[in-house]
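J.: output the structure for:
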Amino acid sequence: MNGKSQLGDFLQTRRSQLRPDEAGVPTYGERRRVPGLRREELALLAGVSASYYARLEQGHSLNASPEVLEAIARALRLDESERRHLHDLTRSAKPHSRRRPAPERVTEATTQLLDALGHLPAIVIGRRSDVLAWNRLGHALFAGHLDPGAPDIPAQRPNMARLVFLDAHTRDLYADWPSKARAVVGSLRLVAGKYPQDAVLHTLLGELSARSEDFASMWADHRVKACAVAEYEMRHPLVGSLTVTQPPRPGHHPDRPRPFGQPAQ
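T.: Next comes the predicted model:
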């Protein structure tokens, strides 16, 4: 998986998902083979030549200016997260773009926060959705069937994406599993666009795509989702029904660990 293919796939998928009536493009009652916009129509909306847009979608033109990208984003009706993702994909597609992800670690301040939240379940999630740390209640709520010391050993760290898609116990915890699953995929999309050279991440994506038809289908949809406040209803076999809040870390960035898993009041 490389930046070029991600950029072209994202543009093509988004274009195919935007209907002419949504974009204000008249069809005059013609029968169309596909429901989405044609390349020529998208290029016209963005104010660029059809040949230039075709090269961009095919990965042959990697020097699009921020102004051109913004014009394409407006034409595609992208939201803020999707616009940022488009810029990230364009940067990562350029030759010699080699952003190496910084090693992930749990800071002393985060450890102290987990200790302070001893009366509430909490876990710390890394950019690839690895569980970097959890307190006792966090482990009991989300993965009581796993070794509580697993996050302390990098090679054995649980991964929330794997758990959500491949672990029957975790899947059954979420009353609205599809919503949680889409959020996991959307977050991974953002990280993959920012770090196309992250081999560990791409191994994870390949594994999930091969082992889960649900993941493969959602991944092909190219939806992205920023880390924001979200609430999920959970059905724990021992505790019963409860609502869990996933808060964003103040100033959160996709490659920084964040705490997750506080029951809503």
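
J.: can you list the helices and strands that the longest helix seen in the chain packs against?
T.: Longest helix in the chain, counting residues (DSSP state H): helix 177-194. Secondary-structure packing of helix 177-194 (3 or more Cβ pairs under 8 Å, 6 or more residues apart in numbering; DSSP states H and E): helix 3-17, helix 80-93, helix 160-166, helix 199-211, helix 213-220, strand 230-236. For glycine as for every other residue, the C-beta is placed from the backbone atoms N, C-alpha and C.

J.: what helices or strands is the second one leaning on?
T.: Packing partners of helix 80-93 (3+ Cβ pairs under 8 Å, 6+ apart): helix 3-17, helix 66-75, helix 177-194.

J.: can you check the longest one too?
T.: When contacts are defined as 3+ Cβ pairs under 8 Å, 6+ apart, helix 3-17 packs onto helix 50-57, helix 80-93, helix 177-194.

J.: 6 Å - rerun?
T.: With contacts taken as 3 or more Cβ pairs under 6 Å, 6 or more residues apart in numbering; DSSP states H and E, helix 3-17 sits against helix 50-57, helix 80-93.

J.: hang on, the earlier thing: want to throw the helices and strands packed on helix 80-93 into CSV with distance to residue 32?
T.: Compiled in CSV, those are given as follows (distance: least, Cβ to Cβ, whole Å):
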stretch, distance to residue 32
helix 3-17, 11
helix 66-75, 18
helix 177-194, 28
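
J.: where does the stretch 101-250 of the chain have low pLDDT?
T.: Counting by pLDDT under 70, the stretch 101-250 of the chain shows low-confidence ranges at 101, 226-229, 247-250.

J.: for the closest residue to residue 204 other than its chain neighbours, helix, strand, or coil?
T.: Residue nearest to residue 204 in three dimensions, not counting chain neighbours: residue 128, with 6.1 Å by Cβ to Cβ, 6 or more residues apart in numbering. Secondary structure, DSSP: H, G, I helix; E, B strand; the rest coil: residue 128 is coil.

J.: residue 128 contacts residue 201, doesn't it?
T.: Yes: using Cβ atoms under 6 Å, residue 128 is in contact with residue 201, at 5.1 Å.

J.: who's more crowded, these two?
T.: Neighbours were counted for residue 128 and for residue 201 using other Cβ atoms under 10 Å; residue 128 has more, 24 against 20.

J.: next, give phi and psi for that one.
T.: The phi and psi values for residue 128, taken as degrees, to the nearest 10, are phi -90, psi 10.

J.: and it, how far from residue 173?
T.: With the distance defined as Cβ to Cβ, to the nearest Å, residue 128 ends up 21 Å from residue 173.

J.: excluding its backbone neighbours, what's nearest the residue nearest the centre of the chain?
T.: Closest to where the C-alpha atoms of the chain average out (Cα atoms, centre = their mean) is residue 187, at 2.0 Å. Leaving aside its sequence neighbours, residue 187 sits nearest to residue 225 (Cβ to Cβ, 6+ apart; 5.8 Å).

J.: what about residue 170, distance to residue 145?
T.: For residue 170 relative to residue 145 (Cβ to Cβ), the value is 9 Å.

J.: rewinding a little: dump the helices and strands packed on helix 177-194 to CSV, plus distance to residue 43.
T.: Conversion of the helices and strands packed on helix 177-194 to CSV gives the following (distance: least, Cβ to Cβ, whole Å):
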stretch, distance to residue 43
helix 3-17, 10
helix 80-93, 15
helix 160-166, 36
helix 199-211, 30
helix 213-220, 24
strand 230-236, 36
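
J.: of all those, which one is nearest residue 178?
T.: Nearest to residue 178 among the helices and strands packed on helix 177-194 is helix 213-220 (8.2 Å), distances taken as Cβ to Cβ.

J.: now for the closest one, which elements pack on it?
T.: helix 177-194, helix 199-211.

J.: show me what counts as buried in it.
T.: 214, 215, 218, 219 (16 or more other Cβ atoms under 10 Å).

J.: just flag the most distant two among those residues.
T.: Going by Cβ to Cβ, the pair spanning the buried residues of helix 213-220 furthest: 214 and 219, at 9.5 Å.

J.: thank you kindly, that will do.
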